[in-house]
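J.: Sequence and computational prediction follow.
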Amino acid sequence: MQKSAPLGGAFRWYIYALHGLLCEILFTAAWDLCTKRCWRLIGVSSFWAIFIYGTAIFVIEKLSLHLQKICPLPYRCLIYTMWTYLWEFSTGYTLRTLGACPWDYSHFLGNFMGLVTLEYAVPWYFGCMIAEQVVIKYTLRLRLPQETDYEKCK
């Protein structure tokens, strides 16, 4: 009989980082298709996205585990979206001071300091919903097999 254990925090963070990176690449390709009619579907991201998305979704996981008992889904997603904007602004501001911020939303009407933009509020909201309802939900169900004492003796 094989025992299993839930994934540790580092494994979950890694899954969330890869998910965020993939989503950003797909989103930027789709955004260019819709706004510029660019049919080449060239998505872009940056090295920093791995840390930013991994940490953002890991925090949403923690919020979700607490808020699911006390708050309906639409309000949770609003809280996650506000967290996402705060995190994007904070990391963007830090990266800009280091001369390494890979994004600039200055050309959007709803931008704040070029680091966040209201035009992305709806995609962020639904992205947070998908993160909680699919990515986090199923990542928390993943298990790593562990050897039983009998198998160790073989």
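T.: That came through, no problem.
J.: Around residue 90, how many other residues sit close by?
T.: 13 (other CB atoms under 10 Å). Quick note: C-beta positions are derived from backbone N, CA and C, even for glycine.
J.: Secondary structure element for it, which one?
T.: Under the criterion of DSSP states H and E, residue 90 resides in helix 73-97.
J.: which residues does residue 68 contact?
T.: For residue 68, the contact set (CB atoms under 8 Å, 6 or more residues apart in numbering) comprises residue 76.
J.: Now it. Its backbone dihedrals?
T.: phi -60, psi -30 (degrees, to the nearest 10).
J.: how close does it sit to residue 123?
T.: 23 Å (CB to CB, to the nearest Å).
J.: Can you get me a residue count around residue 9?
T.: 11.
J.: For this protein, which segments are assigned as strands?
T.: Taking DSSP state E to define them, one finds strands in the chain at 3-6, 111-112, 116-117, 143-146.
J.: Relative to the second one, what are the paired strands and their orientations?
T.: In its sheet, strand 111-112 lies beside strand 116-117 (antiparallel), with partners assigned from DSSP bridges.
J.: In the longest helix along the chain, which residues are buried?
T.: Using DSSP state H, we find that the single longest helix of the chain is helix 9-36. By neighbour count with 16 or more other CB atoms under 10 Å, helix 9-36 contains the buried residues 12-17, 19-21, 23-25, 27-29, 32.
J.: What of stretch 111-122?
T.: 111, 115-117, 120-121.
J.: The longest helix of the chain packs against which elements?
T.: Applying 3 or more CB pairs under 8 Å, 6 or more residues apart in numbering; DSSP states H and E, one finds that helix 9-36 contacts helix 48-67, helix 137-141.
J.: what's the angle between it and helix 48-67?
T.: Interaxial angle, helix 9-36 versus helix 48-67 (axes from the mean of the first three to the mean of the last three CA atoms, to 10 degrees): 110 degrees.
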